[in-house]
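Peer 1: here are the coordinates; sequence isn't available:
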């Protein structure tokens with residue numbers, strides 16, 4: 001019995017003919033199924049190589065530069081996108097794709113991007129601006145639409161902000177560029193906390209001032225420099241109103257807990273020193289109506 005027969009050879013010939021079937025023509029050369037398969041394999045290989053390039057080469061090399069982690073993150077991201085762009089370009093050229101013949105297609109895509117994908121392109125460009133200018137970096141505590149959280153991820157389309165309740169907020173990058181955003185960690189992480197407090201009329205104001213300064217000095221998260229201050233704000237309807245101003249770096253970590261601890265300490269110190277914290281009161285005088293003369 002012969003080892004081969006004409007049927008497998010014919011099937012193999014049909015297979016190669018199918019692989020070389022022209023899908024479209026780019027310039028003078030046809031774009032075949034085989035060329036498409038090669039390009040897809042190139043793209044997969046480039047994406048994998050980009051992961052290796054970023055994790056094993058760029059990140060390890062940047063660890064020896066002693067740069068800030070946020071700077072290392074931005075450099076890694078930008079180099080990764082450059083690597084992908086050059087890799088995809090080389091993959092197209094090596095597989096015989098005439099890029100000059102794609103001018104018409106690129107023009108059509110440009111029109112489509114201008115109308116249908118403008119938000120995506122806006123977020124993409126905003127992401128590049130965030131990575132290049134670094135107004136917001138990883139670990140910053142920002143406030144978006146009244147909700148504060150820590151930046152955990154910056155991608156080309158969006159930025160992830162995680163609140164203290166472990167809720168992730170996905171913010172489009174264009175919003176971070178076009179809208180005012182409060183960045184509590186930008187430049188210098190220390191901020192001043194203002195704690196209002198009222199005491200009853202007749203209280204020793206110098207004693208109140210001393211107690212508030214002792215409370216501030218006794219908290220480990222309160223900075224010694226700049227020094228805490230106590231301000232006599234005004235004479236209220238029911239109380240003498242003071243404000244304790246302390247500097248701390250807790251705004252970037254646990255601001256609500258820090259403010260709560262200060263309030264607990266103030267209440268305890270006032271109670272131990274017989275300083276009254278008043279509440280609004282109203283005195284109503286009832287007058288007996290005079291009898292009407294008949």
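Peer 2: Yes, it's here. Remember, predicted model here, so these are calculated numbers, not experimental data.
Peer 1: use CA for all of it now, contacts and neighbours both
Peer 2: Will do.
Peer 1: for the residue nearest to residue 155 when sequence neighbours are not counted, what are its contacts?
Peer 2: Once flanking residues are discounted, residue 155 sits nearest to residue 127: 6.5 Å by CA to CA, 6 or more residues apart in numbering. Neighbouring residues of residue 127 by CA atoms under 8 Å, 6 or more residues apart in numbering: 154, 155, 156, 157, 158, 173, 174.
Peer 1: what's the distance between residue 202 and residue 239?
Peer 2: From residue 202 across to residue 239, the span is 9 Å (CA to CA, to the nearest Å).
Peer 1: Just the ones of the contacts of residue 127 in helices?
Peer 2: Secondary structure from DSSP state H places 173, 174 of these in helices.
Peer 1: mind listing what's buried in the top helix by length along the chain?
Peer 2: Secondary structure assigned by DSSP H gives helix 69-94 as the longest helix of the chain. The neighbour-count check on helix 69-94 (16 or more other CA atoms under 10 Å) flags 70-77, 80, 83-84, 87-88, 91-92 as buried.
Peer 1: Same question for stretch 245-265.
Peer 2: 245-253, 258, 262-263, 265.
Peer 1: one step back: relative to residue 53, which of the buried residues of helix 69-94 is nearest.
Peer 2: Nearest to residue 53 among the buried residues of helix 69-94: residue 80, at 7.7 Å, using CA to CA.
Peer 1: What ranges does the stretch 1-150 of the chain have for its strands?
Peer 2: Chain-ordered strands for the stretch 1-150 of the chain, with DSSP state E, counting those that start in this stretch as the definition, fall at 22-26, 29-32, 141-144, 147-154.
Peer 1: between these, which gets the lowest average pLDDT?
Peer 2: Among the strands of the stretch 1-150 of the chain, strand 22-26 carries the lowest mean pLDDT, a mean of 56.
Peer 1: Quick check: can you list the domain ranges of this structure?
Peer 2: 13-116, 135-183, 191-272 (automatic domain parsing).
Peer 1: first vs last residue of the shortest one, how far apart are they?
Peer 2: The separation between the terminal residues of domain 135-183, taken as CA to CA, is 8 Å.
Peer 1: ok, back up a step: check the residue nearest to residue 155 and give its pLDDT.
Peer 2: 80.
Peer 1: I'd like to know how far it sits from residue 138.
Peer 2: For residue 127 relative to residue 138 (CA to CA), the value is 13 Å.
Peer 1: Residues that sit against both of the two, list them.
Peer 2: residue 154.
Peer 1: ok, the residue nearest to residue 155 to residue 259 distance?
Peer 2: Noted for residue 127: a distance of 34 Å to residue 259, by CA to CA.
Peer 1: hey, where'd the helices end up in the protein?
Peer 2: Here the chain has its helices, by DSSP H, at 6-19, 33-52, 59-63, 69-94, 103-115, 118-133, 173-178, 205-218, 255-272.
Peer 1: of these, which approaches residue 166 most closely?
Peer 2: Comparing those by CA to CA, helix 255-272 comes nearest, at 14.3 Å.
Peer 1: And the contacts of that closest one?
Peer 2: 193, 195, 211, 212, 215, 216, 219, 221, 250, 276, 277.
Peer 1: show me what contacts the fourth one?
Peer 2: With contact taken as CA under 8 Å, 6+ apart, residue 212 is in contact with 230, 244, 266.
Peer 1: With the fifth one instead?
Peer 2: Contact analysis of residue 215 by CA under 8 Å, 6+ apart lists 262, 265, 266, 269.
Peer 1: could I get those as a markdown table with distance to residue 48 and pLDDT?
Peer 2: Formatted as a markdown table, these follow (distance: CA to CA, whole Å; pLDDT from 0 to 100):
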| residue | distance to residue 48 | pLDDT |
| --- | --- | --- |
| 262 | 51 | 95 |
| 265 | 55 | 95 |
| 266 | 58 | 95 |
| 269 | 61 | 94 |
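Peer 1: Now flag whichever of these is closest to residue 150.
Peer 2: residue 262 (22.6 Å).
Peer 1: Report the separation between the closest one and residue 200.
Peer 2: 20 Å.
Peer 1: quick revisit: what's the most distant pair in the buried residues of stretch 245-265?
Peer 2: Largest pairwise distance in those, by CA to CA, is 21.5 Å, between 252 and 265.
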